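Asker: Provided below for reference: sequence and predicted model.
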Amino acid sequence: MNYTYIIECSDGTLYTGWTNNLEKRIAVHNQGKGAKYTRTRLPVVLKYYEVYEQKEEAMRREYQIKHMSRREKIQLIQSKVKEIEKIKKI
C-alpha cells in the first residue's frame, strides 16, 4: 500500500509527503533522517493519511495537498477526525 500523509511539526507547521511504509516513515522523520524541512522541527505527529494502491496515486494526492492552503489542510484533517468519531458511535 501507498500513503499520502500530513504531519504536524513541533512548531505547528504542517508537512505533506507520501510513502509505502507509513509507520517507518514517521519514525524516520522523528529520528531526524526524514525530509530536510522536518529535521529542525522535531518531533512530528501524524495528523492525517490516505491509502492508495498505486504509488502514482499517492504522489498525485501529495501534490494536490501541498498546493492547498493551511486552512484547507486543517479542514481535511478535521474531516477525518469527524469521520472516525462517527464510526466509533456505531
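Answerer: Nice, thanks for sending it over. Numbers count the residues shown, from 1 in each chain.

Asker: quick one, strands of the chain?
Answerer: Applying DSSP state E to the chain gives strands spanning 2-8, 14-19, 45-52.

Asker: mind putting these into TSV with mean neighbour count?
Answerer: Where you see a C-beta, it was placed from the backbone N, CA and C, and this is true even at glycine. Shown next, in TSV, are these (neighbours: other C-beta atoms under 10 Å):
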stretch	mean neighbour count
strand 2-8	22
strand 14-19	20
strand 45-52	16
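
Asker: for Met68, which of those is the nearest?
Answerer: Comparison of the strands of the chain against Met68 by C-beta to C-beta identifies strand 14-19 as nearest, at 8.5 Å.

Asker: between strand 45-52 and the closest one, find me the angle.
Answerer: Interaxial angle, strand 14-19 versus strand 45-52 (axes from the mean of the first three to the mean of the last three C-alpha atoms, to 10 degrees): 40 degrees.

Asker: what does strand 14-19 rub up against?
Answerer: For strand 14-19, contacts defined as C-beta atoms under 8 Å, 6 or more residues apart in numbering pick out 2-9, 25, 35, 37-38, 41, 44, 47, 55, 58-59, 61-62, 65-66, 70, 73-74.

Asker: that strand to strand 2-8, inter-axis angle?
Answerer: Compare the direction of strand 14-19 with that of strand 2-8 by the same axes, to 10 degrees and you get 160 degrees.

Asker: could you spell out the sheet neighbours of strand 14-19, each with its direction?
Answerer: strand 2-8 (antiparallel) (DSSP bridges).

Asker: isn't Thr38 up against Val28?
Answerer: No: counting by C-beta atoms under 8 Å, Thr38 stays clear of Val28, with 9.5 Å between them.

Asker: so what sits opposite Tyr15 in the bridge?
Answerer: As for beta bridges, Tyr15 partners with Ile7 under DSSP bridges.

Asker: biggest helix in the chain by residues?
Answerer: Ranked by residue count and defined by DSSP state H, the top helix of the chain is helix 70-89.

Asker: and it, which residues are buried?
Answerer: For helix 70-89, the neighbour count (16 or more other C-beta atoms under 10 Å) marks Lys73, Ile74, Leu76 as buried.
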